[in-house]
Every structure is written in C-alpha cells, then in structure tokens.
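Participant: Based on what follows, work out the 3D shape:
(one chain, ligands or ions: 1)
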Amino acid sequence: MSADYPSMTTAEIRSKFLNFFEERGLKLYPSSSLVPDDPSLLLANAGMNQFKEYYQGKKTMKEIGAISCQKCVRTNDIDCIGEDGRHLSFFEMLGDFSFGGVSKQQACAWAFELITKEFKLPLDRLYFTVFTEDDETHDVWRSLGVAEDHISRLGEDDNFWAAGPTGPCGPCSEIYFDMGEEVGCGSPDCKPGCDCDRFLEFWNLVFTQYDRQEDGSMPELPHRNLDTGMGLERMAAIMQHKTANYDGDLMQHLIKLGEEISGKTYDADDYSGASRSLRIIADHSRAVDFMISDGILPGNEGREYVLRRLLRRAVFHGRLLGIEGAFLTKFIDEVNAQMGEAYPELLKNVALVKGIVASEEERFSTTLDNGRVYLDEALAALAEGAVLPGDVAFKLHDTFGFPIDLTVEIAGAAGHDVDMDGFTACMEDQKARARANAKGDAWGSFNDVWVELSDKVASTEFD
Ligand code: SER
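Facilitator: Numbers count the residues shown, from 1 in each chain. Next up is the predicted model:
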C-alpha cells in the first residue's frame, strides 16, 4: 500500500478545496451561523443547511452551484467524545452544492480529480461506497478508474442522508481512506462501514432528490441536486499522516495548551484518563467559542443547554486533569489564534465570549465544589465496585444542582456505576408527590404550574 503523498496544513486543505471549485464556476458562500434559520434544526449540522430553499426550488442562483466551509455542531454523540479518534462536537465541513447545475457524473469526476490529483492521495488507499441499488454511481466510479473491489454497497443506515426528520435528503456515496491494517480490527470482513479505525470516511456525496414530509412521504425535489461534505479535521489527519481527528495541526495546538496548563501528557493511542480529558477540552472549547460568537448563551433548554453542557464538561475535565482555578478563557484565546482569520466573528466577539465563559465557569466551579464534597463522601462509603444509589444521585441533582451526567462520570472514574433506574424513580416520585399535593389544597394551582414546568425544563440551580 502506498505511503507517500504530500503533507498539508488544515489552512492549505481549506483553500485548495475552495479554490478548486471556484475555478470551476461554483460560488463561494461564507459559513452560515450555527443558529439555523430553520425551526426543524437545533444547530447547523451540515453545509447544506443554508441552501435548503435552493434544494426546494424556492430560490435559484445564477452560478452552477455553491461551495462553503461550514461550522457544524453535532450533539448526538457528546458522551463518546475523547473516547475515540473520530467524534467531535464542533467541526468544519467543506462542501460543494448544486441545484440542478452539476450532474452526478461531473460531481464524482471533480471529487476524484481533487483527491487524486490535487491532494495526491494514492488510489490503492481509496475506497468508495454507493447506496445498495445505485448502479449509476457504481458505474461512474468504475469509469473513473476505481477497481471493483474498492467499491461496496451499503444500505439506508450508511448511504442515505438527511439533515433532520424532514426536508431534502437522498442516497449518497462515501469516500474512505484506508488508514492501514495496523489500526484495523483484523477481521476478514473489515471494510468501509466497519466500526474500527481502519477505513476513515472523509467525503460524503449526497444526491439530494427527495423532500421528506412530516408524514414520512418523500416527493421528488424539482431538480437532481448535489450536497457534498468533506470533514476538514478528518482530511487534516489524513493529509498529516495521522490516524485521528485530534492529531491534526489545529486540534494539536489545543491539546498542547492543555498539556502545558495541566502538566499532564497526551498519548495519541490512549483513549482514557488524561488523554481523553485533553481531547474533550480541546473539542468542547472550540464548540463553546463558536456557539457564543453566534449569539447562543448558556441556559437550560435546547441549544442553550447544549452549550452549557459542553462548557461545564470542559471545566469538569479540567478538574479531572488537576487544573486549579479558571482556565477555559485561555483555550478561547488559542482557538481564536488558530481560527480567527478564517472566522472573523470569533475576533469580533472575543470580549463577549470570554466574559460569558468566565462567569459560567465560576458559577459551575461553585456548584462543583459543593456537590463534590457530598459525592466524594458517598463514594468513599461504597464498597469496591458497588453501585451508587439512585437517591444519592437524585439529591446531588435536586439539592446541589449537580448534573447527573457528571455524577455518572465521576462515579465511573472511581469505579462505580450509578443506579439510573433508581435516579429516574426518584425524579418520578418527586413529580408524583407534587401532583398529589396539588389536589384540593390552596397550593393547587401553584403546584400544577410547577409540575408542568418541571416536566419541561431541567432543574434550576441556586447560587
Ligand atoms: N450533508 C452531508 C453530510 O453532512 C454531505 O454534505 O454528510
């Protein structure tokens, strides 16, 4: 397998991608805000979000298509972050998009030219997947010179893409890079789509042709569209001969800062302990910086809660690393130093972001200090490997405002599971008691409001 291809920085990859498509007549759009102009989405999660109305034929553009480098936040896997080399909450996605102006053949030919001629990735390390019944795309890759045993067919879970429950969607074709047998699972069935680290998907070409409705029906869109997304951190890892997203240049600056502040050492092969915490802080501090710059403030619901959770998780992992005192604004400075040129909004909003980060960090530190004393005592009283009772986790949540996910994390680090069924039962009991009390007494209407609110929002924390 070929090992020799050139190295490239993240900034070089970003500009090479965008220049390539600009030269071919596609129009460069700046990234849209992380706060989408679309009630069906919590946060911008793909380059295509800002073009939804072009897909639906409600808007048109005179150019044959568009390109962007989009800020994205994906929240479904926050708990996995740091435990593998792939998951990120914030990432940049390079993409080319077209609304009837670029054919599937052309889109695949450009993708192939860019990765083999410009990025000079060796063909014997490139693999392609197509949607089960998509013979057309299979034949396009074959005509471009891809060997039959480098193309596989995957079903709806892998090769059908939608931004959310409704809206433009369609079958897709993914491009993978073979990171080498040594990082794989060794199974004879290992191939693109396998959960191991060997085949890294770095570019997804979606042939957006349906508009999924609330009732699940999928009428055809007015055009055969195109929506591609190349994960920039993944491409940086590939182009810098690394195996993980965290080991490319931009993420490494943040990991190094974490090492300096904490005195701990990062090990790229270790997915636990200090290395995991260093990854989490590097990832979450980027998300926090970009989210606040786009106007999101920490809170208890929706995207505000996502921000609060990421910010607090970063602070908490600082504690796990033994960092004393506030530290998160130093990461904001480093993110800005690395990314401020590509995203000027970071530099424009730096005072606001740092002020909010500092005050949320301080508030949460107080919460942590108070709850931590109680939790540590409870953990110390447990036998080795015993489960932390649900009522203890509930008291932490209810009285100390200590988030349940942190209780789980701290207990886990000390070798204890948390009785989550017991915790949920306590939560339900509390609501049931409030409901019962509400019946027939003078406080009835007050309690009704409380029960309704407590069903909707997270617990309130009193400082
Ligand atoms: N929207 C697709 C994705 O996010 C391709 O851009 O993977």
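Participant: is the closest residue to the ligand within the chain in a bridge, and if so with what?
Facilitator: In the chain, the residue found nearest to the ligand is Gly229; the distance is 2.4 Å by Cβ to the nearest ligand atom. (Glycine included, C-beta is placed from N, CA and C.) Beta-bridge partners for Gly229, by DSSP bridges, are Asn204.
Participant: ok, so what distance separates it from Asp249?
Facilitator: Separation of Gly229 from Asp249 (Cβ to Cβ, to the nearest Å) stands at 21 Å.
Participant: and the two? which has more neighbours close in?
Facilitator: Applying other Cβ atoms under 10 Å to Gly229 and Asp249 shows that Gly229 carries more neighbours, namely 25 against 19.
Participant: For the more buried one, list the residues it contacts.
Facilitator: For Gly229, the contacting residues are 46-48, 93-95, 203-204, 206, by Cβ atoms under 8 Å, 6 or more residues apart in numbering.
Participant: Check the chain and tell me which residue is nearest its centre.
Facilitator: Centroid-nearest residue in the chain: Ser89, 2.8 Å away (criterion: Cα atoms, centre = their mean).
Participant: Looking at the backbone only, give me phi and psi for that residue.
Facilitator: With angles defined as degrees, to the nearest 10, Ser89 sits at phi -80, psi -40.
Participant: I'd assumed His284 was in contact with it.
Facilitator: Yes - contact criterion Cβ atoms under 8 Å: Ser89 and His284 qualify, at 6.4 Å.
Participant: what sits in contact with each of the two?
Facilitator: Common contacts of Ser89 and His284, defined by Cβ under 8 Å, 6+ apart, comprise 81, 310.
Participant: Okay, Asp405 and Asp289: tell me how far apart.
Facilitator: Using Cβ to Cβ, we find Asp405 at a distance of 22 Å from Asp289.
Participant: How about Thr329?
Facilitator: 10 Å.
Participant: And Asp405 and Asp289? Which one has more around it.
Facilitator: A direct count of neighbours by other Cβ under 10 Å for Asp405 and Asp289 places Asp289 higher, at 29 against 15.
Participant: nearest spatial neighbour of that one, skipping sequence neighbours?
Facilitator: The shortest distance from Asp289 to any residue that is not its chain neighbour, by Cβ to Cβ, 6 or more residues apart in numbering, is 4.6 Å, and that residue is Val335.
Participant: And what about the one you found, helix, strand or coil?
Facilitator: helix (DSSP: H, G, I helix; E, B strand; the rest coil).
Participant: what does the chain have sitting close to the ligand?
Facilitator: Those residues of the chain that sit near the ligand, judged by Cβ under 6 Å from any ligand atom, are 46-48, 95, 161, 204, 206, 227-229.
Participant: One more pass at 8 Å, please.
Facilitator: Selection of the chain residues close to the ligand by Cβ under 8 Å from any ligand atom yields 45-48, 72, 93, 95, 97, 161, 163, 172, 204-206, 227-230.
Participant: Of the residues you listed, which belong to strands?
Facilitator: In strands, judged by DSSP state E, the following of the residues of the chain next to the ligand are found: 72, 93, 95, 97, 161, 172, 204-206, 227-230.
Participant: that older thread, and the residues of the chain next to the ligand, which of them are buried?
Facilitator: Buried residues within the residues of the chain next to the ligand, defined by neighbour count using 16 or more other Cβ atoms under 10 Å: 45-48, 72, 93, 95, 97, 161, 163, 172, 204-206, 227-230.
Participant: hang on, Met420 packs against Val387?
Facilitator: No - taking Cβ under 8 Å as the definition, Met420 is not a contact partner of Val387, at 9.6 Å.
Participant: Kindly confirm my reading that Ile238 is in a strand.
Facilitator: No - in this structure, Ile238 is helix, not part of a strand, as judged by three-state DSSP.
Participant: That one and Ala111: what is the separation?
Facilitator: Counting by Cβ to Cβ - Ile238 and Ala111 are separated by 15 Å.
Participant: what do you get for Asn45?
Facilitator: In this structure, Asn45 and Ala111 are separated by 21 Å, where distance is defined by Cβ to Cβ.
Participant: that older thread, wait, doesn't the residue nearest to Asp289 sit right on Leu347?
Facilitator: No - with contact defined as Cβ under 8 Å, Val335 does not reach Leu347; the gap is 10.7 Å.
Participant: name the element Pro252 belongs to?
Facilitator: To be clear, residue 252 is Gln; Pro isn't right here. helix 249-262 (DSSP states H and E).
Participant: For Ala287, which residues are in contact?
Facilitator: Neighbouring residues of Ala287 by Cβ under 8 Å, 6+ apart: 73, 89-90, 307, 310.
Participant: neighbours around the closest residue in space to Asp4 that isn't next to it in sequence, how many?
Facilitator: With Cβ to Cβ, 6+ apart as the measure, Pro122 is the residue that lies nearest to Asp4, at 7.7 Å, once sequence neighbours are left out. A count of nearby residues for Pro122, using other Cβ under 10 Å, gives 14.
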